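Engineer: Below are the sequence and a predicted model for it; my questions follow.
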2 protein chains.
Amino acid sequence: MSLKEYIQRYINLSEEEYTLFLSYLETQSFAPGAKLLAYEERCQSRFYIKKGCVRMYGYTEKGKEQIYHFGIDNWWISNYESLLNDTPSHLVIEAIEPTEVYCLTSEKFEELCLKIPKIERLFRMIMERAYMAFQKRLEFLFSLSSEEQYRHFIEANAAFTQRVPQYMLASYLGVTPEFISKIRSKM
Amino acid sequence: MSLKEYIQRYINLSEEEYTLFLSYLETQSFAPGAKLLAYEERCQSRFYIKKGCVRMYGYTEKGKEQIYHFGIDNWWISNYESLLNDTPSHLVIEAIEPTEVYCLTSEKFEELCLKIPKIERLFRMIMERAYMAFQKRLEFLFSLSSEEQYRHFIEANAAFTQRVPQYMLASYLGVTPEFISKIRSKM
DNA sequence: GAATATTCTTAATCTAGATTAAGAAGCAAA
DNA sequence: TTTGCTTCTTAATCTAGATTAAGAATATTC
């Protein structure tokens, strides 16, 4: 799915408007391990992942990496705390696979919204969907055991499970790699 | 803080626009225990809490109530899964205190956005803030022990802690009331 | 103000999942 | 084809927080 198709699911843009939209975006490429957003950097952009896979992680009190999000093709990702408050980010966004993104800076975003007000609607809807997904994730987190969460995740994201190493999945689910190993040996 | 003041933090509305806005809202009152959204009901509205306190909860596999959210004065609350997909809600929104809300139905919301396009911007920003708060909550959930989460919560929401019974707080934090009791006896 | 229902506390026991430690696979470089 | 990384597995031990079961406060109702 192209960005154009993605957008059309929410709003209609004319050919000219879409071209204008694209002119506000900057294409960037990242090799595995490269950072879209570094630790302590101020997040200035919303990223749209054209192709690839990224993880967003922070650090626990004991200094261990904790993954909070993954992003794949056709997802928007950003650290909203840093973006909205203009504070240094305690979260890192890092490519796992070779990744190509559109980068929309806050500055460009504001200009774009003035030129094409419908863009506000687009992002209002995107944020509602993202919020919904979060609400759903919280439900699973609280109502399922770790084992059930794992089973549910790999079932709902079969393809995705192949793309990230198991220890990252463990981190995302909030369990240890050893525990995942234990569940898998039972299956 | 009035709704008008709340809105002005995000966008500017003229006196006429604000009056128009209000005309799309319906005021509703709920006694403690009354439901803003019932189990299996399709969620049709976004609720703005003028005054009061509500909880949003679902059920775990064992049939136990699990609280996912609280809402107090000047918060918007809704079940976005049910609202956006028009599906029966598995979450209940229920008043804890006598509560007065503005109810904005999806139908009225769409009309309103056509009349005053700035409203899209308002809700885009509200959703971003809500998403940010969620992102933050997930960070605490994964990086702090249950005890630390409790201590952090009552420190950050001292006033709020007085307003809900302890067993609801326990449910919201994902622990047992007995465990909260244990922590408190240490303090 | 006695009766009843709610909420909170204490303490003993239990368990899901963490921690620790070792080694086994897989994979890349040289 | 060996050396050195990175990832995954197995198994023993440990622990934060759950469960169970009483009882003690606190509200609420009649």
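Structural biologist: Perfect, thanks for sending it.

Engineer: Can you find the helix or strand of chain A with the lowest average pLDDT?
Structural biologist: helix A:158-163 (a mean of 86; mean pLDDT, DSSP states H and E).

Engineer: what helices or strands is the longest helix seen in chain A leaning on?
Structural biologist: Counting by DSSP state H, the longest helix found in chain A is helix A:118-143. Secondary-structure packing of helix A:118-143 (3 or more C-beta pairs under 8 Å, 6 or more residues apart in numbering or on different chains; DSSP states H and E): helix A:106-115, helix A:146-156, strand B:53-59, strand B:65-72, helix B:80-85, helix B:118-143. No exception for glycine: its C-beta is placed from N, CA and C like everyone else's.

Engineer: Let me have these in JSON lines, extended by mean pLDDT.
Structural biologist: Formatted as JSON lines, the helices and strands packed on helix A:118-143 follow (pLDDT from 0 to 100):
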{"stretch": "helix A:106-115", "mean pLDDT": "96"}
{"stretch": "helix A:146-156", "mean pLDDT": "94"}
{"stretch": "strand B:53-59", "mean pLDDT": "94"}
{"stretch": "strand B:65-72", "mean pLDDT": "94"}
{"stretch": "helix B:80-85", "mean pLDDT": "97"}
{"stretch": "helix B:118-143", "mean pLDDT": "96"}
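
Engineer: rewinding a little: which strands and helices lie in contact with the least confident helix or strand of chain A?
Structural biologist: Secondary-structure packing of helix A:158-163 (3+ C-beta pairs under 8 Å, 6+ apart): strand A:65-72.

Engineer: how distant is the strand it packs on from the center of its chain?
Structural biologist: When C-alpha coordinates are averaged (C-alpha atoms, centre = their mean, to the nearest Å), strand A:65-72 and its chain have centres 8 Å apart.

Engineer: residues in contact with A:D86?
Structural biologist: A:R42 (C-beta atoms under 8 Å, 6 or more residues apart in numbering or on different chains).

Engineer: Return the residues of chain A in contact with chain B.
Structural biologist: A:58-61, A:66, A:68, A:79-81, A:84, A:91, A:113, A:117, A:120-121, A:123-124, A:127-132, A:134-136, A:138-139, A:141-144, A:174 (C-beta under 8 Å from any C-beta of the partner chain).

Engineer: Got a ChimeraX select line for the buried ones in those?
Structural biologist: This is the ChimeraX syntax for the buried subset of these, where burial follows 16 or more other C-beta atoms under 10 Å in any protein chain shown:
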select /A:58,66,68,79,80,81,84,91,113,120,121,123,124,127,128,130,131,132,134,135,138,139,141,142,143,144,174
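
Engineer: distance of A:E65 from DNA strand D?
Structural biologist: 11 Å (C-beta to the nearest atom of the strand, to the nearest Å).

Engineer: Quick check: beta-bridge partners of that residue?
Structural biologist: A:Y59 (DSSP bridges).

Engineer: how much space between it and B:M187?
Structural biologist: For A:E65, the distance to B:M187 (C-beta to C-beta, to the nearest Å) stands at 32 Å.

Engineer: of these two, who's got more company?
Structural biologist: A:E65 (14 against 7; other C-beta atoms under 10 Å in any protein chain shown).

Engineer: Any idea which of the helices and strands packed on helix A:118-143 gets closest to DNA strand C?
Structural biologist: With C-beta to the nearest atom of the strand as the criterion, DNA strand C lies closest to helix A:146-156 of those, at 3.3 Å.

Engineer: helices and strands around the closest one, which ones?
Structural biologist: helix A:118-143, helix A:166-173, helix A:177-186.

Engineer: Any buried residues in it, and which?
Structural biologist: Those would be A:S146, A:Q149, A:Y150, A:F153, A:I154, for helix A:146-156 by 16+ other C-beta under 10 Å.

Engineer: And these, which is closest to A:A95?
Structural biologist: Within those, proximity to A:A95 (C-beta to C-beta) peaks at A:F153, which comes in at 21.3 Å.

Engineer: What about the residue nearest to that closest one when sequence neighbours are not counted, how many residues nearby?
Structural biologist: Distances taken as C-beta to C-beta, 6 or more residues apart in numbering or on different chains place A:L173 nearest to A:F153, at 6.6 Å, with adjacent residues excluded. Around A:L173 there are 20 other residues, counting by other C-beta under 10 Å.
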